[in-house]
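1. Need a 3D model of the sequence below.
(one chain, ligands or ions: 1)
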Amino acid sequence: MEALKDVRILDMTHVQAGPTCSQLLAWMGADVIKLEPPHGDATRGQLRDIPNADSLYFTMLNCNKRSITVNMKSPEGKQVFADLVKKCDIIMENFGPGVLDRLGFTWEKIHEINPRIVMGSIKGFGSSGPYADFKAYENVAQAMGGAMSTTGVPDGPPFVTGAQIGDSGTGLHLAIGLLAALHQRNRTGKGQYVEVAMMDGVMNLCRVKWRDHQRLTRGPLAEYSVPTEGLKATPRAGNDSGGGQLGNAIKCKPGGPDDYIYVVVQEAVWEALANRIGPELGMPGLAQDPRFATIGERRKNQNEMWALITRFAANYTKREFMAILNPLDVPCGPIMSTEDLANDEHVRGREMYVELDHPQRGKWWNVGMPIKLSDSPTKIERSPLLGEHTEEILKEVLGYSGERIEKLRSAGAFSATPKKTA
Ligand SMILES: CC(C)(COP(=O)(O)OP(=O)(O)OC[C@H]1O[C@@H](n2cnc3c(N)ncnc32)[C@H](O)[C@@H]1OP(=O)(O)O)[C@@H](O)C(=O)NCCC(=O)NCCS
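-> Numbers count the residues shown, from 1 in each chain. The predicted structure follows:
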């Protein structure tokens with residue numbers, strides 16, 4: 001937790017896209033002050049599994065942060081906010097369009113209060129262009145960034161992917177932008193505004209679909225398992241590998257919903273693979289079969305090739321098939337369910353599923369830190385309760401006296417309504 005030790009972040013983000021970014025920065029050692037409205041980040045109460053406890057939606061995205069509640073709609077709350085801006089290196093938000101401006105804090109105003117501060121904003125579509133005024137959630141971004149139109153099968157509807165490329169993907173983009181801006185600030189003394197639109201982030205993550213979009217102008221795409229003749233847009237292509245090598249999800253024994261293994265028939269491994277599966281299929285000469293002898297032929301006849309591999313796999317579980325393929329150097333991976341992953345030795349060993357405690361909910365699990373810094377290991381700590389650190393932050397970061405805090409509290413700086421005085 002040494003890498004960002006001296007960096008203080010005023011984190012106004014909510015729901016998923018922003019908090020996933022600030023959690024990563026906290027895991028790299030930043031002091032993340034989560035500034036919440038008096039009723040808290042809405043996800044605290046969303047999809048609750050335990051009555052009155054912060055939901056897993058919240059706890060899984062807000063670890064290692066401190067929480068302060070500030071009513072930004074009260075003049076006293078605005079003053080506390082402005083004081084915090086002066087003391088932070090980064091401020092970040094992912095409100096709907098214009099929210100912070102309406103609260104009186106445009107980027108220009110924030111920059112004036114603290115010229116050194118870097119500001120990060122996530123918006124659905126950015127601050128310019130015809131879509132700038134629209135709100136967005138994960139699947140809206142997946143729909144508009146090209147992910148949905150390219151996911152699924154041609155005859156079926158567009159599908160969302162299970163990975164949160166719209167929210168968490170955008171959070172990753174923002175983290176990179178913030179760290180770059182901080183690096184520049186450390187050189188120049190001047191902060192800047194970093195904006196990431198969810199739609200842009202999804203487009204970036206769909207980059208290879210744009211490769212194919214342009215290749216279509218030159219003719220059909222030979223490696224696709226679905227027809228591409230005459231198409232103007234990259235189609236949905238099921239479980240095609242999407243790269244230069246052929247790949248597919250192959251059904252295994254005993255045929256349950258996740259009993260599949262993804263197999264890449266890399267050019268270099270075909271002969272070894274054919275020699276291993278051929279004899280069991282009654283086709284000892286499979287490696288020499290002209291239908292599959294070259295990558296060009298395998299592309300053309302890939303559906304036949306997948307049918308043969310599937311026939312072989314019917315006698316093996318996904319793990320058994322993996323054990324057959326690994327020594328042949330065939331890139332492959334069993335389709336892991338969340339249950340498989342939760343119990344996986346490799347996952348546990350890499351601290352990618354970690355047990356935590358929480359005063360309201362007891363034991364729970366979080367997905368760990370995927371970025372491993374050799375000299376700045378992460379120690380994951382539970383998410384804060386709503387306003388848990390309000391007083392601590394006011395005293396330690398802003399140097400407010402107890403008397404001043406009480407005055408502000410009575411005036412309603414930290415609550416939805418001013419505190420009633422007797
Ligand atoms: C996610 C989203 C759709 C949620 O919409 P929403 O619940 O209506 O929330 P908004 O961000 O638009 O508005 C937040 C409100 O809380 C108020 N608020 C926020 N912090 C506050 C505080 N500390 N004190 C008082 N009020 C506060 C804002 O002033 C705003 O009120 P207003 O509507 O009167 O201006 C929207 O925030 C959005 O589009 N964000 C950008 C894209 C994004 O990140 N989406 C992914 C989320 S995972």
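
2. Check the secondary structure at residue 262 for me.
-> What DSSP: H, G, I helix; E, B strand; the rest coil gives for residue 262 is strand.

3. Which residue does this structure have closest to the ligand?
-> The nearest approach of the chain to the ligand comes at residue 96, 2.5 Å away (C-beta to the nearest ligand atom). Any C-beta I mention is one placed from the backbone N, CA and C, and that applies to glycine too.

4. Let me see the contact set for that residue.
-> With contacts defined as C-beta atoms under 8 Å, 6 or more residues apart in numbering, residue 96 is in contact with residue 135.

5. gap between it and residue 285?
-> Distance of residue 96 to residue 285, given as C-beta to C-beta, to the nearest Å: 64 Å.

6. on that earlier part again, which SSE is the residue of the chain closest to the ligand in?
-> For residue 96, there is no helix or strand it lies in under DSSP states H and E.

7. try residue 34
-> Following DSSP H and E, one finds residue 34 within strand 31-36.

8. hmm, the helix or strand following that strand touching the ligand?
-> Sequence-wise, the next helix or strand downstream of strand 31-36 (DSSP H and E) is helix 56-59. No: applying C-beta under 6 Å from any ligand atom, one finds helix 56-59 out of contact with the ligand, separated by at least 10.1 Å.

9. Outside of helix 56-59 itself, list whatever touches it.
-> For helix 56-59, contacts defined as C-beta under 8 Å, 6+ apart pick out 16, 41, 43-44, 46-47, 49, 356, 358, 361, 364, 366, 382-383.

10. which of those residues are close to the ligand?
-> Within the set of the contacts of helix 56-59, contact with the ligand (C-beta under 6 Å from any ligand atom) is found for residue 16.

11. Tell me if I'm right that residue 303 and residue 225 touch.
-> Yes: assessed by C-beta atoms under 8 Å, residue 303 is found in contact with residue 225 at 6.2 Å.

12. So which of those two has more stuff around it?
-> residue 225 (19 against 10; other C-beta atoms under 10 Å).

13. Assumed that one was part of a helix.
-> No: secondary structure of residue 225 (three-state DSSP): coil, not part of a helix.

14. contacting residues for residue 177?
-> Contacts for residue 177 were tallied using C-beta under 8 Å, 6+ apart; they are 120, 194, 195, 196.

15. Show me these that map onto strands.
-> Taking DSSP state E, the ones among these that sit in strands are 120, 194, 195, 196.

16. related to what we said a few turns ago, now the buried members of the contacts of helix 56-59.
-> Among the contacts of helix 56-59, those classed as buried by neighbour count (16 or more other C-beta atoms under 10 Å) are 16, 41, 43, 44, 356, 358, 361, 364, 366, 382, 383.

17. Pipe the residues you listed into a markdown table and attach secondary structure per row.
-> Shown next, in a markdown table, are the buried ones among the contacts of helix 56-59 (three-state DSSP):
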| residue | secondary structure |
| --- | --- |
| 16 | coil |
| 41 | coil |
| 43 | helix |
| 44 | helix |
| 356 | strand |
| 358 | coil |
| 361 | coil |
| 364 | strand |
| 366 | strand |
| 382 | coil |
| 383 | coil |
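
18. All the strands of this protein, residue numbers only.
-> Using DSSP E, strands in the chain cover 8-11, 31-36, 65-69, 90-93, 118-123, 193-197, 246-251, 260-265, 332-334, 353-356, 364-367.

19. any chance of those strands in TSV, with mean pLDDT too?
-> TSV is the format used below for the strands of the chain (pLDDT from 0 to 100):
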stretch	mean pLDDT
strand 8-11	98
strand 31-36	98
strand 65-69	98
strand 90-93	98
strand 118-123	98
strand 193-197	98
strand 246-251	98
strand 260-265	98
strand 332-334	98
strand 353-356	98
strand 364-367	98
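
20. got the contact list for stretch 290-297?
-> Outside of stretch 290-297, the residues within contact range by C-beta under 8 Å, 6+ apart are 222, 246, 267, 270, 274, 286, 298, 301, 304, 305.

21. Equivalent analysis for stretch 265-275, please.
-> 245-247, 286-287, 289, 292, 295, 298, 305, 309, 325, 328-331.

22. In that stretch, which residues are buried?
-> Neighbour-count burial for stretch 265-275 flags 265, 266, 269, 270, 273, 274 (criterion: 16+ other C-beta under 10 Å).

23. Can you show me the CA trace of it as PDB?
-> Taking C-alpha atoms only, stretch 265-275 is exported to PDB below (Å, rounded to 0.1, in the frame of the first residue of the first chain):
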ATOM      1  CA  VAL A 265      -6.800 -24.600 -32.200                       C
ATOM      2  CA  GLN A 266      -3.700 -22.600 -32.700                       C
ATOM      3  CA  GLU A 267      -2.000 -23.200 -36.000                       C
ATOM      4  CA  ALA A 268       1.100 -24.700 -34.300                       C
ATOM      5  CA  VAL A 269      -0.900 -27.300 -32.300                       C
ATOM      6  CA  TRP A 270      -3.200 -28.800 -34.900                       C
ATOM      7  CA  GLU A 271      -1.000 -31.800 -35.700                       C
ATOM      8  CA  ALA A 272      -0.500 -32.800 -32.100                       C
ATOM      9  CA  LEU A 273      -4.200 -32.300 -31.400                       C
ATOM     10  CA  ALA A 274      -5.300 -34.300 -34.400                       C
ATOM     11  CA  ASN A 275      -2.900 -37.100 -33.500                       C
END
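
24. List the buried residues of the lengthiest helix in the chain.
-> Looking across the chain with DSSP state H, the single longest helix is helix 168-188. Across helix 168-188, burial judged by 16+ other C-beta under 10 Å covers 168-175, 177-179, 181-182, 185.

25. low-confidence ranges in the protein?
-> The chain contains residues with pLDDT under 70 at 419-422.

26. Would you mind listing what in it touches the ligand?
-> Close to the ligand, as judged by C-beta under 6 Å from any ligand atom, the chain has residues 15-17, 37, 70-73, 94-96, 99, 102-103, 122-124, 135-137, 167, 198.

27. I figured residue 363 hits residue 355, correct?
-> Yes: between residue 363 and residue 355 there is a contact at 6.0 Å, judged by C-beta under 8 Å.

28. so which of the ones in strands among the contacts of residue 177 is the most crowded?
-> Among the ones in strands among the contacts of residue 177, residue 120 has the most neighbours (other C-beta under 10 Å), with 29 neighbours.
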